[in-house]
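K.L.:
Quick one: sequence plus predicted model below, questions after.
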Amino acid sequence: MYIPKKYGSYKADNCPFCGKTAITKNSQSIPVCVSHKESILRELTCNCGDPLELRDGKFGSYFNCMNCGNFNLKKALGMNPKFDEKEENSENKKNEISEKKERKEITITSDECDVHYT
């Protein structure tokens, strides 16, 4: 069955840390979501044992191995099962919990004309 492409659906970058839609790039020029903008991807290794060098090209970020050649971001992350997303998520959950504790409750009466969105 043929399903035609829709405008904008062919290029969808996902955050390598959480899987959400990537909106911005971090300092390594890897597409990430807003909550992982300050996160840095640690050094990854190839199946042959050599380290992968992060590069940025015309079609996005990719990794280069001196022996094996180029790998896209998804394949390089798949080759490294040690890349534990849960560790990064647990740190973010701790930050979210501390933010929730700092929130304050605001009561709005019917006397106020403006609608407040917070």
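P.N.:
Arrived safely, thanks for sending.
K.L.:
Which parts of this protein are helices?
P.N.:
With DSSP state H as the criterion, the chain has helices at 73-79, 85-102.
K.L.:
ok, of these, where does mean pLDDT dip lowest?
P.N.:
Looking at the helices of the chain, the lowest mean pLDDT belongs to helix 85-102 (a mean of 56).
K.L.:
Which residues are in contact with the most centrally placed residue in the chain?
P.N.:
Closest residue to the average C-alpha location of the chain: Cys15 at 2.2 Å, with Cα atoms, centre = their mean. The contact partners of Cys15, taken as Cβ atoms under 8 Å, 6 or more residues apart in numbering, are Thr21, Ala22, Pro31, Val32, Cys33, His36. Where C-beta positions appear, they are placed from N, C-alpha and C, glycine not excepted.
K.L.:
biggest separation within those residues, which pair?
P.N.:
By the measure Cβ to Cβ, Thr21 and His36 form the most distant pair in the contacts of Cys15, at 11.9 Å.
K.L.:
quick one: which of the two has more around it?
P.N.:
Shown here are Thr21 and His36; by other Cβ atoms under 10 Å, His36 has more neighbours (20 against 10).
K.L.:
so what's that one scoring on pLDDT?
P.N.:
89.
K.L.:
Find the residue closest to it in space, skipping its chain neighbours.
P.N.:
Spatial nearest neighbour of His36, excluding adjacent residues (Cβ to Cβ, 6 or more residues apart in numbering): Phe17 at 4.6 Å.
K.L.:
for Ala76, same thing?
P.N.:
Distances taken as Cβ to Cβ, 6+ apart place Phe63 nearest to Ala76, at 4.2 Å, with adjacent residues excluded.
K.L.:
contacting residues for the one you found?
P.N.:
Leu44, Leu52, Glu53, Leu54, Arg55, Asn70, Phe71, Asn72, Leu73, Ala76.
K.L.:
In strands only, show me the residues you listed.
P.N.:
Within the contacts of Phe63, residues falling in strands by DSSP state E are Glu53, Leu54, Arg55, Asn70, Phe71, Asn72.
K.L.:
so how far is Gly78 from the residue nearest to Ala76?
P.N.:
11 Å (Cβ to Cβ, to the nearest Å).
K.L.:
before we move on, what about Glu38?
P.N.:
Taken as Cβ to Cβ, the span from Glu38 to Gly78 is 24 Å.
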